[in-house]
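**Student:** got a predicted structure plus its sequence, pasted below:
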Amino acid sequence: MRPHPLILLLTLGFFPCLAQAENRPNIILIMSDDMGFSDIGCYGGEIKTPNLDKLAADGLRFTQFYNTARCCPTRATLLSGLYAHQAGVGHMTGDYGLPQYQGELNRNCVTIAEALKPAGYRTYMAGKWHVTPYKANEIKNPNISNWPVQRGFDRFYGTIHGAGSFFDPNSLTRDNQYITPANDPDYQPETFYYTDAISDNAVRYIQDHKREADGQPFFMYVAFTAAHWPMHALPKDIAKYEGKYDGGYDPTRAARIRKLKSLGLLPDQWDVVPQIGKWDNIKLKEWESACMEVYAAMVDNMDQGIGRIVKSLEVADQLDNTLILFFQDNGGCAEGFGRGKVNGPLERPAKPTLPPMAKDELQTQMVPPKSRDGYPLRRGDGIIPGTPETEVGYGRNWANISNTPFREYKHWVHEGGISTPLIAHWPKGIKGTNRWFKTPAHLIDLMATCVDLAEAKYPTAKDGKKITPMEGISLRPAFEAKDLKRGKPIYFEHEGNRAVRDGKWKLVAKGVKGAWELYDMEQDRTEMHDLAARHPESVSRMAAQYEKWAKERGIVPFGSWKKNGKGQGKKRGARKTSFQLKGGEHLPTEKSPAIANRAFEVSAQVSGLPAKGVIIAQGGINFGWSLYVDDDKLTIAIRQGGKLVSASATLPAGPSQTLKASILNDRLVLAAGEKELTSLPCSPFISDHPVDGLEVGRDDGGLVGDYGVRNEFTAEVTSLKVVLR
Ligand SMILES: [Ca+2]
Ligand SMILES: [Ca+2]
């Protein structure tokens, strides 16, 4: 029988050694970053993950576990058991002036750590937090009110921010103190590598727990940043994959398809999504295969670390009564990070060329200008990734392979964005071994599962604030070989991408204005055959479910927050109205032209035509504009709540020209010099300031136009001017 909660609290508070013999499990949630459905071995991948494979063989695997498509919302959902918007993280860590979009965990939710602590659990976290803003300009006196220790974790080692170097991470923190890899007295390995550091600190928590609180259960959250860009790995791990991807995309993908089929994860009736990359067209083949070698090495290193965590549980005699869950935060990442134009020397200099950083000097940048020991930053096409000074992503083509057999990527809520392995290992609590569980489940269920297994009481209020009831259901029945009884659909929303999963049906759309698509997930989980036209009644029923769900939770169409009063939309962007820019320039969103709801003009002096690629772009898939060329065709593209409007014209001949575009109240105009090329009547005003910044000569992050991530301008922008009217 459970003691009365008050007695339990008193017992634990005053006589911690007297905690009764414990049957409740320890719980360890292990999450990786930016990985596709079929990357790890036991889900079809060629990457060596023997430790995860063993957990799977001795435990339970879910075929349809879902995340929420992106780092911040996934973390907010996982920690709170709510849909991310309800926890205040409706997008990322930007504040858009609405409570659902305040950009950090609110106080109307509790974290799993906050929920389990009153039930007598010790709580530890190692890894990436990313549910509160990180401000590089406030490192001396950071606002720590929403850091892990203030949100229920007894101990924390990791990073506050969402991405960075694996050799010198920005925002590295121990408990409430920023540290550097060099000045952390508690952890001085021979070579600092963040994935190892996360594993080693998790191991240490298990060892310390055994010594300090044996008999008391613990909850630990291990949030790896592998295999998020930049592609950074240790030479010993990269060596294991040397040459492994020299054959390109086709053999890797074919092997995954075969393995997925043999595992039963890809029934014959599903059509596999088309492969994006064509190896024959890849110019820098050695570089392209090296990107995947390093990616694989990052995953491999994480698996080794998971092996050490498992081993330490064994040594502490806790493995049998610990529930370990492994999953990924979103699908493979197609962002063009660190690809395209080369910055820095193509080869690593023989010796560091810049002054090294002092032991106590905090590295505050997501993309540091140099490595800690003084090698200058290198990125772009042909820069072989892996070493600390490189900043390269593995790109869309490999992300497509990572997400085999599914559609789309991180950001989207088609299956490639939201599908993750879920491995559950708990010898004492899971019935049978090497078993698959096929009913859909979601991150919202982790809070409910933890509260259930920990015999905790989910609070209705905390510190005078009402706590929103949790959304998910306990996964305990799955562990006991019974089915889940959810009784309601699972919902998704990120950046206007929306979905409803109800039984075998999935309704899904891209962007705020994208049309609903309908799929039968039993017949077609690869989402290749849209049945919306055939079942209009299902579409309207599920669309109404979505609208009701969104309305009840304060979810608004992405980017519409400025209509709701104090939203940042009106004020974001620079104050000036004229911008003289150079080729290669990047402006962050707050320094970019404040183009929302106004006319503007761009005039670009270019030489070296004909060419391909983006001359200038501001914004991404929801709001923004871009001017680009494709040989003799000039295009101005406008993104308006996800909808794309564009005007194109044929360029006059000649290598050097002044290309102009005007975004006016009632039309888009393109001109070369004084000659008007085309005028398209439309309403092209962009209603909100874009989340993405501005680039000259490329389009980074979210893409405005229908070009791919390899959109670098192949000629030269000698000067460029943007003028707001
Ligand atoms: Ca992620
Ligand atoms: Ca962009």
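**Tutor:** Cool, got the structure. Ligands and ions are numbered 1, 2, ... in the order given.
**Student:** and the residue of the chain found nearest ligand 1, how many neighbours?
**Tutor:** Residue of the chain nearest ligand 1, by C-beta to the ion: Cys71 (3.7 Å). All C-beta spots, glycine's among them, are computed from the backbone N, C-alpha and C. Neighbours of Cys71 under the rule other C-beta atoms under 10 Å: 26.
**Student:** that one reaches Asp329, doesn't it?
**Tutor:** Yes: the pair Cys71 and Asp329 passes the contact test of C-beta atoms under 8 Å, sitting 5.8 Å apart.
**Student:** joint contacts of those two?
**Tutor:** The contact sets of Cys71 and Asp329 overlap at Asp33, Asp34 (C-beta atoms under 8 Å, 6 or more residues apart in numbering).
**Student:** returning to what we had before: list the contacts for the residue of the chain closest to ligand 1?
**Tutor:** For Cys71, the contact set (C-beta under 8 Å, 6+ apart) comprises Asp33, Asp34, Met92, Lys128, His130, Gly162, Ala163, His228, Asp329, Asn330.
**Student:** low pLDDT regions in the protein?
**Tutor:** 1-21, 562-571 (pLDDT under 70).
**Student:** what about the helices in it?
**Tutor:** 5-14, 50-57, 71-80, 112-116, 194-213, 235-239, 249-263, 285-315, 395-402, 415-418, 444-453, 476-479, 536-552 (DSSP state H).
**Student:** any residues of this structure in contact with ligand 1? List them.
**Tutor:** With C-beta under 5 Å from the ion as the criterion, the chain comes near ligand 1 at residues Asp33, Asp34, Cys71, Asp329, Asn330.
**Student:** which among those gets closest to Leu172?
**Tutor:** Closest to Leu172 out of these is Asp33 (15.9 Å), distances taken as C-beta to C-beta.
**Student:** what's the burial count for Ile282?
**Tutor:** 15.
**Student:** residues in this protein within reach of ligand 2, list them.
**Tutor:** Gly620, Asp692, Asp699, Gly701, Gly702.
**Student:** which one of the residues you listed has the most neighbours?
**Tutor:** Highest neighbour count within the residues of the chain next to ligand 2, by other C-beta under 10 Å: Asp699, with 31 neighbours.
**Student:** ok, now which ones touch the residue nearest to that residue when sequence neighbours are not counted?
**Tutor:** Distance criterion C-beta to C-beta, 6 or more residues apart in numbering; nearest residue to Asp699, sequence neighbours excluded, is Ala617 at 3.5 Å. By C-beta under 8 Å, 6+ apart, the residues touching Ala617 are 624-628, 694-695, 698-700, 703-705, 711.
**Student:** mind checking which of these are in strands?
**Tutor:** Here DSSP state E is the test, and those give Gly624, Trp625, Ser626, Leu627, Tyr628, Leu694, Glu695 as lying in strands.
**Student:** report the contact partners of the closest residue to Gly432 other than its chain neighbours.
**Tutor:** Spatial nearest neighbour of Gly432, chain neighbours left out: Ala481 (6.3 Å); criterion: C-beta to C-beta, 6+ apart. The contact partners of Ala481, by C-beta under 8 Å, 6+ apart, come to Lys431, Gly432, Arg435.
**Student:** ok so, going back, ok, which pair from the ones in strands among the contacts of Ala617 is furthest apart?
**Tutor:** Tyr628 and Leu694 (13.8 Å).
**Student:** check the stretch 301-450 of the chain for the residue nearest ligand 2 and tell me.
**Tutor:** Closest point on the stretch 301-450 of the chain to ligand 2, by C-beta to the ion, is Gly336, at 9.1 Å.
**Student:** do you know how far that residue is from Leu703?
**Tutor:** 8 Å (C-beta to C-beta, to the nearest Å).
**Student:** rewinding a little: Asn183: which of the ones in strands among the contacts of Ala617 is nearest?
**Tutor:** Using C-beta to C-beta, the ones in strands among the contacts of Ala617 come closest to Asn183 at Glu695, 35.5 Å.
**Student:** what about the closest one, how many neighbours?
**Tutor:** Neighbour number of Glu695 under other C-beta under 10 Å is 26.
**Student:** that one contacts Gly583, doesn't it?
**Tutor:** No: assessed by C-beta under 8 Å, Glu695 is found out of contact with Gly583, at 10.1 Å.
**Student:** name the residues that touch stretch 434-441?
**Tutor:** So stretch 434-441 is contacted by 56-66, 264, 422, 475, 478, 481, 483-484, 490, 501 (C-beta under 8 Å, 6+ apart).
**Student:** if we use 7 Å, what do you get?
**Tutor:** Stretch 434-441 has contacts (C-beta atoms under 7 Å, 6 or more residues apart in numbering) with 57, 60-66, 264, 475, 478, 483-484, 490, 501.
**Student:** which parts of the stretch 601-725 of the chain are strands?
**Tutor:** Applying DSSP state E, counting those that start in this stretch to the stretch 601-725 of the chain gives strands spanning 611-619, 623-631, 633-640, 643-650, 657-663, 667-672, 675-681, 694-696, 716-724.
**Student:** which one, of the ones you listed, ends up nearest to Tyr178?
**Tutor:** Closest approach to Tyr178 among these (C-beta to C-beta): strand 694-696, 30.2 Å.
**Student:** so what strands line up beside that closest one?
**Tutor:** Note on strand 694-696: by DSSP bridges, its sheet partners are strand 586-587 (antiparallel), strand 611-619 (antiparallel).
**Student:** now tell me what touches that strand from outside.
**Tutor:** Against strand 694-696 from outside (C-beta under 7 Å, 6+ apart): 581-587, 592, 616-618, 717, 720.
**Student:** go with 6 Å
**Tutor:** Leu581, Gly583, Glu585, His586, Leu587, Ser592, Ile616, Ala617, Gln618, Val717, Leu720 (C-beta atoms under 6 Å, 6 or more residues apart in numbering).
**Student:** what's the spacing between that strand and its chain's center?
**Tutor:** In terms of C-alpha atoms, centre = their mean, to the nearest Å, the centre of strand 694-696 is set 23 Å apart from its chain centre.
**Student:** quick one: which of the contacts of Ala481 has the most company?
**Tutor:** Arg435 (16 neighbours).
**Student:** residues contacting Ile112?
**Tutor:** Ile112 neighbours (C-beta under 6 Å, 6+ apart): Met447, Cys450.
**Student:** with Asp154 instead?
**Tutor:** Arg122, Thr123.
**Student:** what number of residues lie near the closest residue to Lys465 other than its chain neighbours?
**Tutor:** Spatial nearest neighbour of Lys465, excluding adjacent residues (C-beta to C-beta, 6+ apart): Arg107 at 4.7 Å. Using other C-beta under 10 Å, Arg107 has 15 other residues around it.
**Student:** with Phe327 instead?
**Tutor:** 22.
**Student:** surely it meets Ile423?
**Tutor:** No: counting by C-beta atoms under 6 Å, Phe327 stays clear of Ile423, with 7.6 Å between them.
**Student:** could you dump the helices of the chain to a markdown table with distance to Gly514?
**Tutor:** Output for the helices of the chain, formatted as a markdown table (distance: least, C-beta to C-beta, whole Å):
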| stretch | distance to Gly514 |
| --- | --- |
| helix 5-14 | 48 |
| helix 50-57 | 35 |
| helix 71-80 | 18 |
| helix 112-116 | 33 |
| helix 194-213 | 36 |
| helix 235-239 | 39 |
| helix 249-263 | 27 |
| helix 285-315 | 30 |
| helix 395-402 | 19 |
| helix 415-418 | 14 |
| helix 444-453 | 24 |
| helix 476-479 | 33 |
| helix 536-552 | 12 |
